[in-house]
Structure formats: C-alpha cells, structure tokens
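Colleague: Generate coordinates for the sequence data below:
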Amino acid sequence: MSGAVFSGGCIVDRDSNGVPSTALTFGNKSPNCEYLSGGIRSETETWSWNKNELGSSDLILPESYVDVLDDHTVEAQGLNQHGAASSSHATGDEETRISTAPEGVMGEQETPSVQPHVSAQHASSTSQVEEETQNVGVNEVVRTSKRSGKQPAWLSDYQTEGFSDEEVNLAFFSSLGDPITYEQAAKDDKWVEAMKAEMASIERNQTWELVDLPSESVPIGVKWVYKTKLNEKGAVDKFKARLVVKGYAQKKGIDYNEVFAPVARWDTIRTILAVAAHNGWIVKQLDVKSAFLHGELKETIYVEQPKGFIKLGAEEKVYKLKKALYGLKQAPRAWFTRIEGYFVKEGFKKSAHDHTLFIKQVWNKVIIISLYVDDLIYTGNDIELCKEFCNSMKKEFEMTDLGQMKYFLGVEITQRSGSISMVQKKYAKEVLERFGLWEGNSVKNPIVPGSIFAVDNDAEQEVDDSEYKCLVGSLMYLTVTRPDLMFAVGFIARFMTKPKEFHMQLAKRILRYVKGTFNFGITYSKSSTGKLQVFTDSDYAQDIEDRRCTSGYVFLLSDAAISWSSRKQDIVALSSTEAEYVAAANCACHCVWLKGLLGELTGKKLGIVEINCDNNSTINLSMNPVMHRRTKHIDVRYHFLRELVNKDEVKLLFCPSIEQIADAMTKPIKLETFEKFRDCMGVRMIED
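Modeller: Residues are numbered from 1 along each chain as shown. Predicted coordinates for the structure are as follows:
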C-alpha cells in the first residue's frame, strides 16, 4: 500500500470558472490523481509539502485549488472568476496550510486547523495569491484540538519506524502484509524461492502430468497464495507459497462427489493432554509438508499451468491431476483417506469414538495419535515405539519433526515435568489489538451478575453486525482453553442477527476481562488422582425473551477441565426439576462418549461415572418414575438418563450449589464464586 492518509473532507481542483474538475477524498485515492513521496499530483496540478521548511505535518496547496468539504472542517476557498471571496481566506503573500491526521486521532468535533504560512518553494503561486487578495477582507476561522491523540489500533498494520508522530500523519505507510498477486511476489526473492519449493514438492509427489486438453473438458484455474508463518512467539518461522486450485469452479458430479473429512475434536485433544500429563508422557508434534498433495483422486481433473512456471513450447497444454491440490473440494477427504489407510497398514486401530484418533498397542506398549488435517500429535509410554513411528512417517511422507508439542492451531503448549499447560496468549493479544482494547482497562469478570438477559428495544441503537460477528467468532475460539468465558460468549452469540449497542457493550466487557487474564490457561497435573469428575447444572427461565433455560456441564480430569458446554435448551421447561433433568440427560449423553474415549486411551474400563447435580428431584427422577403429574410431558428421549442409571453407567449425586462448578456455565454469578469455580476448572495464570 502506498499513499498518504487523510481524514475529514476532500480536496477539489477547480478550473478557471470555479467548477470542480478533480476531487481528492481524504482517506481514499482518486483515479485522477497520483500520490508521490513529496505530495499529491492531479491531472492539472502538483500539491506538495516541504518537510525541511514547513515542518513534517504541513501539506502545501495553492489556495485557489483548495476546498475542504466536511461537516466538521473549515472551508478555505479562493476567489472565483467573478471576484467573490469565500468565508475563509488567507491573506497577503501566504498560502493555506492544512494539517491533517489519520482517522481516529481526532475527535468527532475536532477539525484540522487552517493557518497562514509562507513557502519559498511556491513563491510564484504566493505572489499570484497576493495580487488577488490585496483588496479582499479576511474572515479566518481556526479551530484546534486540545486533546492529546493516541495512535489508532489500525495503524499497527503499517510500518512507521523512523517517522515522528507528525510524519506518520502524512507519510506513506508500507504494509507488512503478504503479497496478493504473483506479480507482487515475483519481485521478492524469498517468495520466488517459496514458489520454487512448492513446485518442487508437487513434482516429487508426482501430483500431475502435462497433457493436451481434451476437446470436451474445461480446465480449472489456479492461483498462488502467500502466507508468512509465525511461531508461538510471533516471530517469522517461514514464508509459504501455496498453489491453490480455484475450487469454486468445480461442478458436483463431474469434478467431485463426496467432500466430508473429519478433524480432531478439541475435547479429544484436551483429553489426550490430560492423560499424558497424569502418566508423565511427552506429547510430540509432526507436520506433513503439502499434505493434500498425497491424496489420491478418483475424478479426472485438469488445471491450468501456474503463473511463472508455464512450460516453454507447451503453453497450450494443461496439467492432469493424479493427486489432490489445495483448493479442491475433495482434497481434505482424499488426504484423510490416504493417511487413514497408512495407519491401518501400520497396525493402528481407529477409535470408535473419534475417527481422527488412532491407537497402536504392542504388549504393554502404547502409542496414541490425533490428526487435525496435516497437523499430527502423538504420545505414548514407550520412547522407542514413538521413534519407530516417527521414522516410518518420514519414509512415507515428507514430514517436519517439530519435537515436543509447543504450538498447535494457535494454542501454546508448555510441558513441564509434572504438568502440561494450554494457553492462548498470542491469540488473545491479537484479538485485543484488533478491536482496539489492548490498552483498555481490565475487569475481573466477563459478565455482571443480574445482567438483563435480552434487549429487544426498537429505540436501542443497532451496531455493525459484521464487526459484531467477527468479535463473537474471535471470542469463540478463545473458549478452546478458557471455560470461564463459555457462558458469556455463548450468551452474546445469541444476538448475531440484529445486535444492539447493549450487546456490543457486553462483548467489549468480555474483551476487557480477557485483557486482565490474557495469560490464563488450563494446567493438567501429574499429581492428580486421575478420576473423572462431572458437574451438571441448569438455570430456570432467566431468558426474558423466550423463557428457555441454559444447560451447562463441566468434565474434570487431571485437576482441570477437559470438556465443557453452555447451551440454551430446545424446550421451555415447566419447572426447575424438568430444566435440571434435561440438562443432566444431555450431560449423560456426553458422558457416555467421553467414557468410551477414555477407555480406549487408558486401556481400562471405567466403572460408574458420578455426575454431580444440585437438584434432589432430578436425582430421584433419574432413578424412579416418580412425580408423574409434573413430569409426564417430558420427552421420552430425556429418559435415556434413567436407562443409563439403571445400567450402572452413570450415577447422579447431590452437590451443594456452592460447590456446583457447572453453575458458571448457566448464569452470571458473583465475583467471589466465579473466581473460585474458575480455579476449580484449572484456569490459572500460565508462567512463561
């Protein structure tokens, strides 16, 4: 990006009759003007500033060409052909100086100042203005801001080193972003090398072959995508160029059929880390280079030759794909089918509870693998078995051995002798900076107890739904390691359609809470008992809009949470007993799944899982068909809980409300209780 940044109004170039001919809008480029390092040039005039003579924030414009049009700015216009003076005019041998600032520095009611100034560089223009204004009265309006501005959040996207604060206002900024087009990348050696490495990888994998295009076929286009990869500390790791197929041009039934491919659940990943921490195992990570290039294709697909690598003398030919490329709709499925077949061949057994989990057991030795597309983590109780697996993978695929698991899908992992921690410090800071609250004040809880649960007031001002959705989505990913955010984020996510100012303020409060706890995460301990603890709870009709209840549950293992949920119920409960019973039934369903998963990971069969509930009526109802008059309307599917209790799969135990951890998933609670439950879930400050 190159171009000066302006705020508030526009500059208009007028002809001899006073008619505007070229307009330059502050903050936007005009097609009729060119931005230079020393100023701005239109089709008819060059406007420039002289940093040495005038100061770094001065933009010099011939007065007859200036017209500032904005609700909050001063109009400074020269004489027109008929000799009429404007309401704001500079005097004598002076030109007009307009100081501007980037959007966000000035307040809403603040305006750029218009001051007289003399420049030797524009002496000819000055003398002309002097002759025209000898007999003209002057009304000069000057308004200056008394507020000290601070750098706006968006300015962090630009290179400003070496510039003073004033220079930043008018200097050109160089974007730190990655190139968008091939033409941009071709000018930089590091991106050229990255493209060559990608093409070499494609050729080594025998992904395609150059052929003549059949007359009845239409080739699909390709494009280069560039990405600077960062490590967990935010430093540059590598520069990646990826050749991507324009998959939107594919037609179902011709270019693809099935596209679904599973990915690892975060519940599974956290459970693996908890089991590894309890047993003192080391979790390691592998990355498959160009994973999708290994996927076998069943369909016949032709793609164009990529820019910069078109074969001389064969410009009309196309590539016929033998294996998948990134961007193809079926590429994830083809890759997963390929690596799944490899694991089965190597003696791994696929989990019945998570299809991305593979376990291999040799006598008393075990190795566990979890796959998330091309990122793979593995752990086990035998070092030699793990080394054997790693070497086998390197022979079959191009792999990068990342060693101990440190940074996985934006989550920082810290492995110590007695614990494993998960935290999202880097991501939390990026979210706060993106929404301009990194320098904001922090609060101690994400939502205030007693908050109104719904606002449907027509008088309430609506906010930009795109910004609101981006904010909610960013906070959603933070809940990967932050169960203490789950209820608050789930609550604001209910108002994505027409968010109001009230909802935006709730979302920003969550950000301020994140600001004060951005280095908090989950820590799984080796010293724990290894027992699975389960808590379930529900509020009752606190949503004033539809009177539906909110169910919540928390599963603890190795002294920290491995699974949690906060979700509005699908029905309107007629009593607190029904609300708690429905919540317990949903918790029991998840308990069955997690119990089976833990059985596969540990190789041990779990006995009865105790579920802590703070409602005696729900406990009685789970064991016996009592209170028929009050419960006969409850859907049959929720009585699945009673069946599990009768089979000794689960058992409901009474838990006092002051110890009900899942209470934090269903409603805003007072600060002391919130901090207590947060600590019980294992959410604590993670030291570097």
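Colleague: Run a quick neighbour tally on residue 416.
Modeller: 12 (other CB atoms under 10 Å). Where you see a C-beta, it was placed from the backbone N, CA and C, and this is true even at glycine.
Colleague: Same check on the one 5 residues further on?
Modeller: Other residues near residue 421 number 23, with proximity taken as other CB under 10 Å.
Colleague: Likewise for the one 5 residues further on?
Modeller: By other CB under 10 Å, the residues close to residue 426 number 18.
Colleague: Flag the shaky bits of the chain, pLDDT-wise.
Modeller: Along the chain, segments meeting pLDDT under 70 span 1-176, 451-459, 627-630.
Colleague: Chain neighbours aside, what residue packs nearest to residue 494?
Modeller: Computed as CB to CB, 6 or more residues apart in numbering, the closest residue to residue 494 that is not its neighbour in sequence is residue 568, at 7.1 Å.
Colleague: Over to residue 367?
Modeller: Using CB to CB, 6+ apart, the nearest residue to residue 367 is residue 380, at 3.7 Å.
Colleague: That neighbour touches residue 364, doesn't it?
Modeller: No - with contact defined as CB atoms under 8 Å, residue 380 does not reach residue 364; the gap is 11.1 Å.
Colleague: Mind checking which of the two has more residues around it?
Modeller: Between residue 380 and residue 364, counting by other CB under 10 Å, residue 380 is the more crowded of the two (23 against 8).
Colleague: which residues touch the more buried one?
Modeller: Residue 380 makes contact with 281, 365, 366, 367, 368, 386, according to CB atoms under 8 Å, 6 or more residues apart in numbering.
Colleague: number of nearby residues for the residue nearest to residue 494?
Modeller: Residue 568, neighbours per other CB under 10 Å, totals 15.
Colleague: wait, doesn't it sit right on residue 543?
Modeller: Yes - with contacts counted by CB under 8 Å, residue 568 reaches residue 543, the gap being 7.1 Å.
Colleague: can you list residues touching both of those two?
Modeller: By CB under 8 Å, 6+ apart, the residues touching both residue 568 and residue 543 are 549, 550.
Colleague: ok so, going back, which of the contacts of residue 380 are buried, as a PyMOL select command?
Modeller: If you want just the buried ones from the contacts of residue 380 in PyMOL, going by 16 or more other CB atoms under 10 Å, the selection is:
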select buried, resi 281+366+367+368+386
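Colleague: which of the contacts of residue 380 lies closest to residue 271?
Modeller: Comparing the contacts of residue 380 against residue 271 with CB to CB places residue 368 closest, at 10.1 Å.
Colleague: Then that closest one would be within a strand, right?
Modeller: Yes - the assignment for residue 368 by DSSP: H, G, I helix; E, B strand; the rest coil puts it in a strand.
Colleague: ok, it touching residue 601?
Modeller: Yes - with contact defined as CB under 8 Å, residue 368 reaches residue 601; the gap is 6.3 Å.
Colleague: Roughly how far does residue 670 sit from residue 267?
Modeller: Residue 670 is 29 Å from residue 267, where distance means CB to CB, to the nearest Å.
Colleague: Looking at the two, which is more packed in?
Modeller: Legend: neighbour count by other CB under 10 Å for residue 670 and residue 267, higher for residue 267 (18 against 12).
Colleague: which residue sits closest to that one, ignoring its sequence neighbours?
Modeller: In space, residue 267 is closest to residue 563, 4.6 Å off (CB to CB, 6+ apart).
Colleague: Spell out which helix or strand contains the one you found, please.
Modeller: strand 560-568 (DSSP states H and E).
Colleague: For that strand, C-alpha coordinates in CSV please.
Modeller: The C-alpha coordinates for strand 560-568 follow below in CSV (Å, rounded to 0.1, in the frame of the first residue of the first chain):
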residue,chain,number,x,y,z
ALA,A,560,-8.5,-29.3,35.1
ALA,A,561,-11.4,-29.2,32.7
ILE,A,562,-11.2,-31.3,29.5
SER,A,563,-14.8,-30.7,28.2
TRP,A,564,-17.5,-28.1,28.9
SER,A,565,-20.7,-26.7,27.4
SER,A,566,-23.1,-23.9,27.9
ARG,A,567,-26.2,-24.1,25.7
LYS,A,568,-29.8,-23.0,25.6
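Colleague: so what strands line up beside it?
Modeller: Its sheet considered, strand 560-568 pairs with strand 550-557 (antiparallel) by DSSP bridges.
Colleague: State the distance from the residue nearest to residue 367 to residue 203.
Modeller: Taking CB to CB, one finds residue 380 at 35 Å from residue 203.
Colleague: related to what we said a few turns ago, what is the neighbour count of the residue nearest to residue 267?
Modeller: So residue 563, with other CB under 10 Å, has 24 neighbours.
Colleague: next one: residue 549
Modeller: Look at residue 549: counted by other CB under 10 Å, it has 24 neighbours.
Colleague: ok, now residue 526?
Modeller: Neighbours of residue 526 (other CB under 10 Å): 18.
Colleague: how long is stretch 517-530 end to end?
Modeller: 27 Å (CA to CA, to the nearest Å).
Colleague: ditto for stretch 597-615
Modeller: Termini of stretch 597-615 sit 28 Å apart (CA to CA).
Colleague: Assign a three-state SS to residue 415, would you?
Modeller: strand.
Colleague: ok, residue 541 touching residue 569?
Modeller: No - judged on CB under 8 Å, residue 541 makes no contact with residue 569 at a distance of 10.3 Å.
Colleague: Give me the distance between residue 599 and residue 351.
Modeller: In terms of CB to CB, residue 599 sits 10 Å off from residue 351.
Colleague: Neighbour count for these two, which is higher?
Modeller: residue 351 (19 against 13).
Colleague: show me what contacts that one?
Modeller: So residue 351 contacts 357, 358, 359, 597, 600 (CB under 8 Å, 6+ apart).
Colleague: redo that, cut-off 7 Å
Modeller: Neighbour list for residue 351: 357, 359, 600 [criterion: CB atoms under 7 Å, 6 or more residues apart in numbering].
Colleague: Provide a list of residues in contact with the first one.
Modeller: Right, the one you point to is residue 357. Contacts of residue 357 by CB under 7 Å, 6+ apart are 268, 351, 370.
Colleague: If you drop the residues flanking it in sequence, what lies closest to the residue nearest to the spatial centre of the chain?
Modeller: Centroid-nearest residue in the chain: residue 474, 4.8 Å away (criterion: CA atoms, centre = their mean). In space, and not counting its chain neighbours, residue 474 is closest to residue 431: 4.6 Å by CB to CB, 6+ apart.
Colleague: From residue 213, how far out is that neighbour?
Modeller: 47 Å.
Colleague: quick one: which of these two has more around it?
Modeller: Comparing residue 431 with residue 213 by other CB under 10 Å, the one with more neighbours is residue 431, at 23 against 15.
Colleague: what sits up against the strand or helix carrying the more buried one?
Modeller: Secondary structure from DSSP H and E places residue 431 in helix 425-434. With contacts defined as CB under 7 Å, 6+ apart, helix 425-434 is touched by 153, 156, 232, 234, 410, 412, 438, 474, 478, 511, 514-515, 518-519.
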